[in-house]
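**Q** Dropping a prediction and its sequence here:
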Amino acid sequence: MAQYKLIHCTINGKEVEKMVDVRASLTDLLRNDFHLTSVKKGCEVGECGACNVLIDGEAFNSCIYLAAWADGKHIRTLESLTGPGGEISDIQQAFMEETAIQCGFCTPGFIMTAVEILETKKLYTRDELRKLLSGHLCRCTGYENILNAVEKTMKRRLGVPVE
Amino acid sequence: MSIVGKSEIRVDAFDKATGRTKYYEDRMPAGALYARIKHSEIAHGFVKSVDTSEAEKIKGVVKVLTCFDAPEIDFPTAGHPWSMDPGHQDVADRRLLNTHVRYYGDDVAVVIAEDEVSAVQGVRAIKVEYEALPFVLDVQKAMEDGAPQLHEGYPNNILKHTSVRKGDYAAAIREPGLKKVEGWYDTPTVQHCHIENHGCFAYEENGRITVVSSTQIPHIVCRVVGQALGRPWADVQVIKPYIGGGFGNKQDALYEPLCAWCSTQVGGRPVRIDCSREETFVSNRVRHAIRFHIVSWIRPDGSMAARKVDLYSNQGAYASHGHSIVAKAMGSFPQLYPCDNMECDAYTVYTNIPAAGAMRGYGMPQASFANDSNIEECAHAVGMDPVEYRNRYIMPLGFEDGFSKNVNYYDSHRECLEKGKELIGYDEKIREFAKDTGDIRRGIGCASFWYNTAVWPIALETSSNRMLLNLDGTVTMQCGETEIGQGADTAFAQMAAEAIGLKSYKDVRVVSCQDTDTTPTGLGAYASRQTYVAGFSIRQTAEILRNKIFAYAEKLTRQSVGNMDVRDGNVVRKNDVKVLISLSELAMTAQYNPADSEHITAESTFTIKNNAYSFGCTFAEVEVDIPMCKVTVKNIVNVHDCGNLINPALAEAQVHGGMSMAIGYGLSEQLLFDQKTGRPLNNNLLDYKLSTVMDHPDLEAAFVENPEPTSVFGTKALGEPPACSGAPAIRNAIYNATGVALHKLPMNPHNLFAAFTEAGLIHDSWQEG
Amino acid sequence: MYDLKALYEAESVEHAIRLRLEHPEAQIIAGGSDVLVQMREGKRAGKELISIYGIDAMRGVTIDEDENIRIGSLTSFSHITRDPIIQKYINVLGEAVDMVGGPQIRNIGTIGGNTCNGVTSADSASTLHAWEAIVELTGKNGVRRLPIGDFYIRAGQVDIRAEEGEIQTAILIPKASYENTFGYYIKYAMRNAMDIATLGCSVNVRLSPDKKTVARARIAYGVAGPVPMRAQSAEAVANGAEIGKEMIDRFGLAVLNDINPRDSWRASKAFRQHIAVEMAKRCLFESIKRAGGEI
């Protein structure tokens, strides 16, 4: 009865192939089959952003993305930002230093959207950043320090003075 | 002090920034069965029968349990300390599953299955036959004679009624020349919306039952699971990993008892209950909607001659935290704006909506909205600037509360108001905005709040702590106070490092995960108590540890105990600060000494018999687009006196979060129910409007640091206070902008449309006739 | 895990048509941001799905031989907003779909899905109505084109013929409609992100060469009735009228002749009528300004 599909994709830079239950969401695939537990479940209907990952460089809520669609895609989760020796990226460091993390449950999703933003290599205003980050809900931080972390990292990468 | 008071990076920041932090679902045992709940589809009635035959046929379904299978044990759920006095114990009105369903969403049956889809299909296949009863959603209608009754023994659905009487209200209002400032103030049902839903899993091991849960209160949940299952409490082990926020919802036993029972019904196999977001909104807890009626009698100079306050708190279907919340709300009235003649009556009333429990502020966001709205109207009534009015009549320096013994040691309210005024530029703006007359008008307003720290003397206040000296000279610390995202572990590490004499807060390894089998008993995260209460046990335990260190060091160094101190991780001679031995060398020697081996540890419990005021205010600046019925918050500042800051960066972040919650409370959040069926209408994150990053401006947090004399580290409550005064400050700013005094939260476009139409600011000619 | 019975993945439009004919009960899924959510709610639980998400030929914005703007039905909202053709000729559509949900939803959500689900609150719908878009459907008998106004039958139902194996393949904006035309969209919602429209209003105008009169005005709403709708009484007020505050006020009031919002827990009829008038005025005002007119 159950229907499976063999998919090939890259997950965090590594080529993988996997038989997936076609009923699975990408969240299910990443958490259950690859133990990438930075992918969080907060609503499972695309309203909170906790499960956000990058697919071919764009941010998607993996809860409403069928695992079967991952075939041929390049998928990145927060785990991809930590180097083999445990070294972390500037955006993670900024989240730590700016006190942008509290309970930590929305953090992976936010950071991955921040990665998408930073990879455009554009300088955005604070209001533009608000819009770009608006697909994530956070109940702890009031978003203030998250914005600060993203804005400062963006400016540092672009060589723009940070106040 | 050198370690306390610094903006250190959180101890859990790295793991959270890398996504490796484990929450309950990340620790799920392989093969855990999925339990999914069949919820009531009527607001009130009796379950006549449950047909499980179709559900049982589904491949993957292991077991279906119904309300007719559940033990007939009533248990309480509130995250309160146990009381040895039966009169002070929480109301036990819960069952694991219910034949008498009391709200739309009540728990009727549960399907346990091998996989998620089978469990969900099983729930869908269950057929429940009900005998529907009339239901009531409104708090005051529920008090009427003849209203549907929810629980036996509570006439007119009144769970509890308490009063405050001060002076002679009836006589005082006869004073000539008084102005009457009267209003009804209505607050909505809202939900915590922590991003991680509540969930848990349970299994049996060695004849005992273990529950791993997303909770704020592991030790209390341990007791409640024991009560609910009718088993000795010691049979239960509760483990609390990192949790994705709580805000009071998880200060209740939620689905831990049901999950534990389910495991016992399938031979102790691991069973998981993962609340969906929809269930979290309805079948966990909500914040009490409280309706206030305030009558203030003021003299021409604005002073309050007499005041009457009635509070009606909508408890929903089950008692949970019950009357404590509205009681705290009522308690603030005689204190925040003291008045000699007062009559206050608070009622907690059962209705057929989801059960209300603790939520950030514990009655204070509601009370602050009502009180500071009415105070604003009092200021207007005598033509006084609202800040000036507060400065004149708010709690004076030296005020002492007879019950809590709290003293207003500093003039905190006025200092906070003054600072807030300056930061937002109140004086210039109030003049400037007065000129606005068009469709879009600006306004500025403020509100203060009253809060106290921890729960003494209403209930037990205790904190236990264990410290182990590690071989590398660091210290491992365990306590029952929980990290729920607020940064408690970091504050504890800073305080412990300071108290012991370590070099850095990084030299304290706080065991974040509480396990009731091994963690010293504590009460958990609530009442903004943890930094305050843990301070006592941290200092006491550190003293014990230091004395043990000194005793061993004396054997090794020949120096006297009285002349020793620990500084930067070394035992030093006090008089000349000469390093006698490092803690690591001492620990190694003590541990591996063949003749005299010792693992240096300390443990103690401190019973706290103090409480502390924690005050502050919000200033908000708004722009009101009258035709569009929209309010934009342009600037907002919170000022708090929470004593000394242990970690200023974390304190600031904590305030931001509370402010954001307060803005949502003020402008957009409300859980709605269909009046015809009692069905929740918007129990999802799309239709329930909590603020996104685009819905408020930059948030400014400021502090007045008056060291709290009763506290070890000079600190007091900060967790909840930031959520208290935001909504009334916005309300008063809208009042300033438009002249329209709003009496109902949220101040969303629907309510603004009604209020602006009534005030004549909106005039839709076509609507007439 | 979704409670779905089977998943059929179409590799091409022809394949999709074939699958549709073979599995007439199956539900089409594009980006899935509606279908999967409904499936989880139980509304479509246990159904078969035909995924067309993988048909890359249905993505992208082009100008066809008749100079229509052709938007492939699977083009995501974020790609529409960023598309240079959209930005040049019909930027308001890019702005409107940039108000759908949040960034991740705009990356997965498609304009085809947004219109095929037939909901009145779709942020693209009012603008597509105001720009007189043409819907292209491809089935076993070839291509069928119809005006977007005719595509919507009733709430939740659009004119796609399952028995013909039809799927929506593109949305076209005719040159006659976008040429020298400027528009403005207001989404009225309770939040500034992650929300559905309480009311959506899209206006566009073409001005006379001297920019003193409105040569042609179009206005359409979402959530002003069971399906997205034009407000033709209001258009008649503006068409050929001299630009001025008084005309804008009359234009606003005239929409009341056309719209038919309902009372629901999301908003009252009176409230929707009130903001509909205000939004019409503001949208027209901004459209005229964008077209170079002065008020």
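**A** Nice, I can see it.
**Q** need the contact list for whatever residue of the stretch 401-550 of chain B ends up closest to chain A.
**A** For the stretch 401-550 of chain B and chain A, the shortest gap (CB to the nearest CB) falls at B:Gly485, measuring 2.7 Å. Where you see a C-beta, it was placed from the backbone N, CA and C, and this is true even at glycine. B:Gly485 makes contact with A:102-105, A:140, B:194, B:243-246 under the criterion CB atoms under 8 Å, 6 or more residues apart in numbering or on different chains.
**Q** Determine the number of other residues adjacent to the residue of the stretch 501-650 of chain B found nearest chain A.
**A** Residue nearest to chain A within the stretch 501-650 of chain B (CB to the nearest CB): B:Ala649, separated by 4.5 Å. Neighbour count of B:Ala649, defined by other CB atoms under 10 Å in any protein chain shown: 19.
**Q** residues touching it, list them.
**A** A:99, B:7-8.
**Q** could you pull out the helices for the chain?
**A** Assuming you mean chain A. Along chain A, the segments classed as helices by DSSP state H run A:26-28, A:90-97, A:107-119, A:126-132, A:144-158.
**Q** The chain in question should be chain C.
**A** In chain C, the helices defined using DSSP H lie at C:13-22, C:35-41, C:77-82, C:84-89, C:91-97, C:103-108, C:111-116, C:123-130, C:148-151, C:175-178, C:232-238, C:245-254, C:269-290.
**Q** Against which helices or strands is the fifth one packed?
**A** So that's helix C:91-97. helix C:77-82, helix C:84-89, helix C:123-130, strand C:182-188, strand C:199-207 (3 or more CB pairs under 8 Å, 6 or more residues apart in numbering or on different chains; DSSP states H and E).
**Q** any bit of stretch B:608-623 sitting next to chain C?
**A** No. Stretch B:608-623 is not in contact with chain C by CB under 8 Å from any CB of the partner chain; minimum separation 13.7 Å.
**Q** on that earlier part again, how about a markdown table for the helices of chain C, with distance to B:Arg285 and mean neighbour count added?
**A** Listed next are the helices of chain C as a markdown table, based on distance: least, CB to CB, whole Å; neighbours: other CB atoms under 10 Å in any protein chain shown:
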| stretch | distance to B:Arg285 | mean neighbour count |
| --- | --- | --- |
| helix C:13-22 | 47 | 18 |
| helix C:35-41 | 23 | 20 |
| helix C:77-82 | 37 | 22 |
| helix C:84-89 | 47 | 16 |
| helix C:91-97 | 38 | 25 |
| helix C:103-108 | 29 | 26 |
| helix C:111-116 | 36 | 26 |
| helix C:123-130 | 35 | 30 |
| helix C:148-151 | 46 | 19 |
| helix C:175-178 | 53 | 18 |
| helix C:232-238 | 48 | 21 |
| helix C:245-254 | 45 | 18 |
| helix C:269-290 | 31 | 22 |
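**Q** Any chance of the ones you listed in TSV with distance to C:Tyr185 as columns?
**A** Formatted as TSV, the helices of chain C follow (distance: least, CB to CB, whole Å):
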stretch	distance to C:Tyr185
helix C:13-22	30
helix C:35-41	24
helix C:77-82	12
helix C:84-89	13
helix C:91-97	4
helix C:103-108	15
helix C:111-116	14
helix C:123-130	6
helix C:148-151	15
helix C:175-178	14
helix C:232-238	16
helix C:245-254	16
helix C:269-290	7
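**Q** What number of residues are in the vicinity of residue 10?
**A** In the absence of a named chain, chain A is used. 14.
**Q** actually it's chain B I care about, not the one you picked
**A** 25.
**Q** quick revisit: so which of the helices of chain A is nearest B:Tyr255?
**A** Nearest of those to B:Tyr255, taken as CB to CB: helix A:26-28 at 21.5 Å.
**Q** and that closest one with chain C, contact?
**A** Yes. Applying CB under 8 Å from any CB, one finds helix A:26-28 touching chain C at A:Asp28.
**Q** Could you look up the SS state of B:Met477?
**A** State at B:Met477, reduced to three classes by DSSP: H, G, I helix; E, B strand; the rest coil: strand.
**Q** That one and B:Asp507 touch, don't they?
**A** No. Counting by CB atoms under 8 Å, B:Met477 does not reach B:Asp507; the two are 10.4 Å apart.
**Q** These two - which one has more neighbours?
**A** B:Met477 (27 against 21).
**Q** who touches B:Pro29 in this structure?
**A** B:201, B:203, B:270.
**Q** With pLDDT and distance to chain A as added columns, please give these in JSON lines.
**A** Formatted as JSON lines, those follow (pLDDT from 0 to 100; distance: CB to the nearest CB, whole Å):
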{"residue": "B:Phe201", "pLDDT": "98", "distance to chain A": "15"}
{"residue": "B:Tyr203", "pLDDT": "98", "distance to chain A": "19"}
{"residue": "B:Pro270", "pLDDT": "98", "distance to chain A": "15"}
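**Q** Would you mind measuring from B:Leu761 to B:Met628?
**A** Going from B:Leu761 to B:Met628 by CB to CB, to the nearest Å gives 12 Å.
**Q** dump the residue contacts of the residue lying closest to B:Cys67 once chain neighbours are set aside.
**A** Spatially, and ignoring its direct neighbours in sequence, B:Cys67 is nearest to B:Leu97 (4.0 Å; CB to CB, 6 or more residues apart in numbering or on different chains). B:Leu97 makes contact with B:65-67, B:69-70, B:107-110, B:258 under the criterion CB under 8 Å, 6+ apart.
**Q** swap in C:Tyr89?
**A** So C:Tyr89 contacts C:69, C:173, C:178 (CB under 8 Å, 6+ apart).
**Q** residues from chain B in reach of chain C?
**A** So chain B meets chain C at B:115-117, B:120-121, B:124, B:627-629, B:668, B:672, B:674, B:681-682, B:685-687, B:689, B:691-695, B:748-750, B:753, B:762, B:764, B:766-767 (CB under 8 Å from any CB).
**Q** filter those residues down to the ones near chain A?
**A** Okay, of the residues of chain B next to chain C touching chain A (CB under 8 Å from any CB), that's B:117, B:685-686, B:692-694.
**Q** filter those to the buried ones?
**A** B:117, B:685-686, B:692-694 (16 or more other CB atoms under 10 Å in any protein chain shown).
**Q** Closest to the mean position in chain A, which residue would that be?
**A** Central residue of chain A (CA atoms, centre = their mean): A:Met112, 2.8 Å from the mean position.
**Q** so what's it closest to, chain neighbours aside?
**A** Going by CB to CB, 6+ apart, A:Met112 has A:Asn52 as its nearest residue, at 5.1 Å.
**Q** how close does the residue of the stretch 1-150 of chain C found nearest chain A get to C:Ile196?
**A** Using CB to the nearest CB, the point where the stretch 1-150 of chain C gets nearest to chain A is C:Gly102, with a distance of 2.8 Å. The gap separating C:Gly102 from C:Ile196 is 12 Å, by CB to CB.
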